[in-house]
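1. Got a predicted model here, sequence first, then my questions.
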Amino acid sequence: MELQTKANSVMNDEKIVDLYWQRDEQAIKETDIKYNKYLLSVAMNIVHDMCDSEECLNDTYIGTWNAIPPARPVALQAFLGSIMRRTAIDRFRANKRQKRIASEFTVSLSELEDFITDDGDITAEIETKELAKTISNFVRSLPDRQMYIFVSRYYIADPISTISKELGCSVSTVKREIEAIKIGLKKQLESEGYIV
Amino acid sequence: MTQEKLIDAITDLDSDILNRYFDMKADLATKKKPKKRTWVKWASVAAACMVLVVMATFAMQYIPTEYSLNYSYVDANGREAYIADKNVWIYYVDKGEIERERVKLPCTAENVFITWKHLNTIGDEVELIEYKIVSNGNESTSEFEGQGVANYEPGDYFVLNITVTKNLQSYEEYELLIDSLEKSMSEYSNIDFDEINVLFN
């Protein structure tokens, strides 16, 4: 009975998007009920600070309110996640300019140091969108499990221990898979001229 | 490639990938982990412990300890032969009563005596001098086709003579000790003796 009540209290994504389109502020309340925890976890993984995360959450709700309409996202969770990630990364960059901060995001970034060069951005002419396409194509080609690990680690910035729990395997297994993914991604980026 | 460009590129991952990710996340979350049936684990441990206790109790009866037995002997041809183990009752005196204990040992009169001494806390100074079975069987020789032939008529009266050193007599409850010795030494041979004598030398 309690479960049923709980299930009924969570609105489906389509209805929430409709509320945004109707400019009904209930849309934000429903979004918060359904995605508060998820969005905060995305922000926390990046900025590693609860106050900053809550500010990012508010910014995400405002961003979503402004984006819908005209946008009509098919997958609201991915849409919200994307806005939250951008917001949190902006906050992360601002914080980084002021002070050194440690977060799961910095740890996950350090794993990708092989791909990063500071020699004046040789590929400046290549749009980020194109790079995103290349990475998307690579991730799309991965088997479900590796795709899950990539997104968890580098998009959501989840700790490896969390990923291993979710997948029901050991931390070392996840680490091995991350290594395999990195090798694959490096090859892909090299073949397309991103890494010289 | 700068760090910023890489971060932005990952942020721009196509939504179909993210959908696939969230679908899988939902699947993983709803997939009920099989409940760890902890009672099965504890029941197995308890059962294993019980088996160990039973086995240990059973084994304790058959493991002679703290004294050494002879596991082989040298036969008439000078060859070493190993003695087969056998479960035998050894009798001992405990608080004025004769008790018995099942012991697995290489079954010779000497080993039965050693074990009997151990159970009765009798020192090494007491020794078994002779263990002899006497019967009224008749052994004779006759002649057959010019050759001597040994004949043996089995008897129907068997006497067991156990000769031990006389210092056994200095032990308390000496008479009970003699009874327990007679029982121990006679039962292991499976012969129904008509008479048992304990002799001192």
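-> Here it is on my side, so go on. Numbers count the residues shown, from 1 in each chain, chains lettered A, B, ... in the order given.
2. so how many other residues sit close to A:Val74?
-> Neighbour count for A:Val74, taken as other Cβ atoms under 10 Å in any protein chain shown: 12. C-beta: built from backbone N, CA, C; applies to glycine.
3. repeat for the one 3 residues further on
-> A count of neighbours around A:Gln77, defined by other Cβ under 10 Å, yields 22.
4. Which residue is the nearest non-sequential neighbour of it?
-> Spatial nearest neighbour of A:Gln77, excluding adjacent residues (Cβ to Cβ, 6 or more residues apart in numbering or on different chains): B:Phe22 at 5.1 Å.
5. The helix or strand hosting that neighbour: how far from the chain's middle?
-> Secondary structure from DSSP states H and E places B:Phe22 in helix B:15-30. Averaging C-alpha positions (Cα atoms, centre = their mean, to the nearest Å) puts helix B:15-30 63 Å from its chain's average.
6. For it, list every residue counted as buried.
-> By 16 or more other Cβ atoms under 10 Å in any protein chain shown, the buried positions in helix B:15-30 come out as B:Ser15, B:Ile17, B:Leu18, B:Arg20, B:Tyr21, B:Phe22, B:Met24, B:Lys25.
7. which one of the residues you listed sits closest to A:Tyr20?
-> B:Ser15 (16.9 Å; Cβ to Cβ).
8. returning to that earlier point: return the residues in contact with the residue nearest to A:Gln77.
-> Neighbouring residues of B:Phe22 by Cβ atoms under 8 Å, 6 or more residues apart in numbering or on different chains: A:Ala75, A:Gln77, A:Ala78.
9. gap between the two ends of stretch A:69-78?
-> End-to-end span of stretch A:69-78 (Cα to Cα, to the nearest Å): 16 Å.
10. Which residue is the nearest non-sequential neighbour of B:Asp124?
-> In space, and not counting its chain neighbours, B:Asp124 is closest to B:Lys117: 7.9 Å by Cβ to Cβ, 6+ apart.
11. Which helix or strand lies directly C-terminal to the lowest-mean-pLDDT helix or strand in chain A?
-> Within chain A, no helix or strand scores below helix A:2-9, which has a mean of 49 by mean pLDDT, DSSP states H and E. Downstream of helix A:2-9, the next assigned helix or strand under DSSP H and E is helix A:13-21.
12. and that following helix, does that touch chain B?
-> No - applying Cβ under 8 Å from any Cβ of the partner chain, one finds helix A:13-21 separated from chain B by no less than 10.5 Å.
13. And the longest helix belonging to chain B, what's buried?
-> Using DSSP state H, we find that the single longest helix of chain B is helix B:38-60. Neighbour counts over helix B:38-60 (16+ other Cβ under 10 Å) mark no residue as buried.
14. what about dumping the CA coordinates of it to CSV?
-> Presented in CSV, the C-alpha positions along helix B:38-60 are these (Å, rounded to 0.1, in the frame of the first residue of the first chain):
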residue,chain,number,x,y,z
THR,B,38,22.3,-15.9,6.1
TRP,B,39,20.5,-18.6,8.0
VAL,B,40,21.8,-21.2,5.5
LYS,B,41,25.3,-20.1,6.1
TRP,B,42,25.0,-20.3,9.9
ALA,B,43,23.1,-23.5,9.7
SER,B,44,25.9,-25.0,7.6
VAL,B,45,28.5,-23.8,10.0
ALA,B,46,26.5,-25.2,13.0
ALA,B,47,26.1,-28.5,11.1
ALA,B,48,29.8,-28.7,10.3
CYS,B,49,30.6,-28.0,14.0
MET,B,50,28.3,-30.7,15.1
VAL,B,51,29.8,-33.2,12.7
LEU,B,52,33.3,-32.2,14.0
VAL,B,53,32.2,-32.7,17.6
VAL,B,54,30.7,-36.1,16.9
MET,B,55,33.7,-37.2,14.9
ALA,B,56,36.1,-35.9,17.6
THR,B,57,34.1,-37.7,20.3
PHE,B,58,34.1,-40.9,18.2
ALA,B,59,37.8,-40.6,17.3
MET,B,60,38.9,-39.9,20.9
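15. Can you pull out the residues in contact with it?
-> Under the contact criterion Cβ under 8 Å, 6+ apart, helix B:38-60 has no outside partners.
16. so which of the contacts of B:Phe22 would you say is closest to chain B?
-> Of all those, chain B sits closest to A:Ala78, with 3.6 Å by Cβ to the nearest Cβ.
17. Next, the contact list for the closest one, please.
-> The neighbourhood of A:Ala78, defined by Cβ under 8 Å, 6+ apart, consists of B:Ser15, B:Leu18, B:Asn19, B:Tyr21, B:Phe22.
18. does the helix or strand hosting A:Ile135 come close to chain B?
-> Applying DSSP H and E as the criterion places A:Ile135 in helix A:128-141. Yes - counting by Cβ under 8 Å from any Cβ, chain B is contacted by helix A:128-141 at A:Thr128, A:Lys129, A:Leu131, A:Ala132, A:Lys133, A:Thr134, A:Ile135, A:Ser136, A:Val139, A:Arg140.
19. what's the first-to-last distance across stretch A:64-71?
-> Start-to-end, stretch A:64-71 (Cα to Cα) is 9 Å.
20. near chain B at all, it?
-> No - judged by Cβ under 8 Å from any Cβ, stretch A:64-71 makes no contact with chain B; its nearest approach is 11.1 Å.
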